[in-house]
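what shape does this take:
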Amino acid sequence: MTESQDPRQQEPQPPLPEQEQSPPGIEAEMQPRPDYGEESYRGHGRLEGKVAVITGGDSGIGRAVALAFAREGADVLIAYLNEEPDAAETARVVEASGRRCVAVAGDISDEGHCESIVRRAIDELGRLDVLVNNAAYQMMYPSIQEISTEEWDKTLRTNLSAMFWLCKAALPHLPSGGAIINSASVEAYQPKPPLLAYATTKGAIVTFTKALSQEAIEQGVRVNAVAPGPVWTPLIAMSYPREQMPEFGKSVPMQRPAQPAELAPAYVFLASSESSYVNGEVLGVTGGKLLP
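Next up is the predicted model:
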């Protein structure tokens with residue numbers, strides 16, 4: 001498929017229909033279904049023989065990254081909460097690409113579970129070369145007064161503490177040339193008040209990435225982040241008010257949300273030797289919305 005034939009580039013695009021889901025959201029129930037690259041992504045052996053752990057790998061950006069990594073030659077472990085139909089679909093496309101997929105359900109807001117994810121990758125896939133901290137939780141609230149302590153803690157533990165636990169567990173196993181890739185967000189730089197808790201974690205992820213990159217590079221491991229703009233994933237379907245759905249993504253210069261398939265190449269780049277001199281950076285994939 002050439003760029004001129006890519007339906008994502010055709011303008012204008014119809015608005016997204018109103019819809020809503022309960023957390024954690026199921027990609028199989030979204031309308032329209034997100035494009036995760038099954039028909040378009042072509043691998044070039046960039047990750048041949050590697051093993052990657054991808055949190056939130058059942059759907060959205062995580063599924064697109066899992067598929068792209070597999071087509072680049074990597075075996076993958078996908079960690080997810082409990083979205084079994086979505087995880088099964090990711091495993092299917094990874095295995096159809098000729099690679100192994102280990103699917104691990106559980107709550108990454110638990111430190112012990114994060115440690116077990118790394119152990120399973122080593123035990124079942126033999127090694128660990130790339131860690132992608134992608135899983136996230138968000139909900140929208142009109143005021144800080146409506147955010148409970150429980151909600152605040154859940155957001156920080158899922159988005160931030162889990163990343164800390166996974167990096168801590170993974171680093172001793174990552175070889176020179178390995179990589180850690182964290183999913184930040186445009187919200188780290190231009191936060192919307194209704195996403196106060198989520199945006200706070202994404203800002204912290206940027207700082208964490210830059211700080212850890214200076215330590216990890218001493219063992220030859222690069223640490224970078226991707227900062228997506230609006231992306232059509234289950235996180236949106238489960239957290240945005242249904243009446244706001246038709247306007248989702250229209251605030252960026254490209255006037256549409258990204259599809260997960262459009263994010264995956266950024267993760268492949270940061271995981272591969274093509275980015276061997278890139279460390280401590282945040283790669284924006286924002287539809288033209290400028291990062292500072």
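
next, count neighbours for residue 260.
Residues lying near residue 260 (other CB atoms under 10 Å) number 24. C-beta coordinates here come from the backbone N, C-alpha and C atoms, glycine included.

how about the strands in the stretch 101-250 of the chain?
101-105, 130-133, 179-183, 222-228 (DSSP state E, counting those that start in this stretch).

ok, what's across the strand from residue 224?
Judged by DSSP bridges, the bridge partners of residue 224 are residue 181.

what's the burial count for it?
Around residue 224 there are 24 residues (other CB under 10 Å).

before we move on, the earlier item: need the strands of the stretch 101-250 of the chain in a markdown table (columns: distance to residue 15 and mean pLDDT).
Formatted as a markdown table, these follow (distance: least, CB to CB, whole Å; pLDDT from 0 to 100):
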| stretch | distance to residue 15 | mean pLDDT |
| --- | --- | --- |
| strand 101-105 | 34 | 98 |
| strand 130-133 | 31 | 98 |
| strand 179-183 | 26 | 98 |
| strand 222-228 | 20 | 98 |
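
where do the helices of the stretch 101-250 of the chain begin and end?
111-125, 149-156, 162-170, 196-216, 234-239 (DSSP state H, counting those that start in this stretch).

need the nearest residue in space to residue 136, chain neighbours excluded.
residue 159 (5.0 Å; CB to CB, 6 or more residues apart in numbering).

tell me the pLDDT of residue 17.
Looking at residue 17, its pLDDT is 88.

about what we covered before: just give me the neighbour total for the residue nearest to residue 136.
Using other CB under 10 Å: residue 159 sits among 26 other residues.

one more: the one 5 residues further on?
Around residue 164 there are 16 other residues, counting by other CB under 10 Å.

any idea how far the nearest residue to it once chain neighbours are set aside lies from residue 257?
Of all residues not flanking residue 164 in the chain, residue 208 sits nearest, at 7.2 Å (CB to CB, 6+ apart). Using CB to CB, to the nearest Å, residue 208 is found at 26 Å from residue 257.

check contacts around residue 219.
Contact partners of residue 219, counting by CB atoms under 8 Å, 6 or more residues apart in numbering, are 171, 174, 176.

try 10 Å this time
For residue 219, the contacting residues are 171, 172, 174, 175, 176, 178, by CB atoms under 10 Å, 6 or more residues apart in numbering.

relative to the whole chain's centre, how far out is the worst-scoring helix or strand of the chain on mean pLDDT?
Least confident helix or strand, the chain: helix 234-239 with a mean of 91, by mean pLDDT, DSSP states H and E. Relative to its chain's centre, helix 234-239 lies at 14 Å (CA atoms, centre = their mean, to the nearest Å).

sorry, back to before: pull the most distant pair out of the contacts of residue 219.
Across the contacts of residue 219, no pair lies farther apart than 172 and 176, at 12.9 Å, counting by CB to CB.

skipping its backbone neighbours, what lies nearest residue 253 in space?
Leaving aside its sequence neighbours, residue 253 sits nearest to residue 288 (CB to CB, 6+ apart; 3.2 Å).

surely that neighbour touches residue 249?
No - at 11.3 Å, residue 288 does not count as touching residue 249 under the criterion of CB atoms under 10 Å.

shared neighbours, those two?
Contacts common to residue 288 and residue 249, judged by CB under 10 Å, 6+ apart, are 229, 255.

name the residue in the two with the higher neighbour count.
residue 249 (21 against 10).

spatially, what comes nearest to the more buried one if we skip its sequence neighbours?
residue 257 (3.1 Å).

what mean pLDDT does stretch 108-119 have?
Regarding stretch 108-119, the rounded mean pLDDT is 98.

buried set for it?
108, 109, 111, 113, 114, 116, 117, 118 (16 or more other CB atoms under 10 Å).

and the residues you listed, which two are the farthest apart?
Farthest pair in the buried residues of stretch 108-119, by CB to CB: 109 and 118, 15.9 Å.

mind putting the helices of the stretch 101-250 of the chain in JSON lines, distance to residue 41 included?
As requested, the helices of the stretch 101-250 of the chain are arranged in JSON lines below (distance: least, CB to CB, whole Å):
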{"stretch": "helix 111-125", "distance to residue 41": "21"}
{"stretch": "helix 149-156", "distance to residue 41": "31"}
{"stretch": "helix 162-170", "distance to residue 41": "25"}
{"stretch": "helix 196-216", "distance to residue 41": "25"}
{"stretch": "helix 234-239", "distance to residue 41": "20"}
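
I am finished for the moment; much appreciated.
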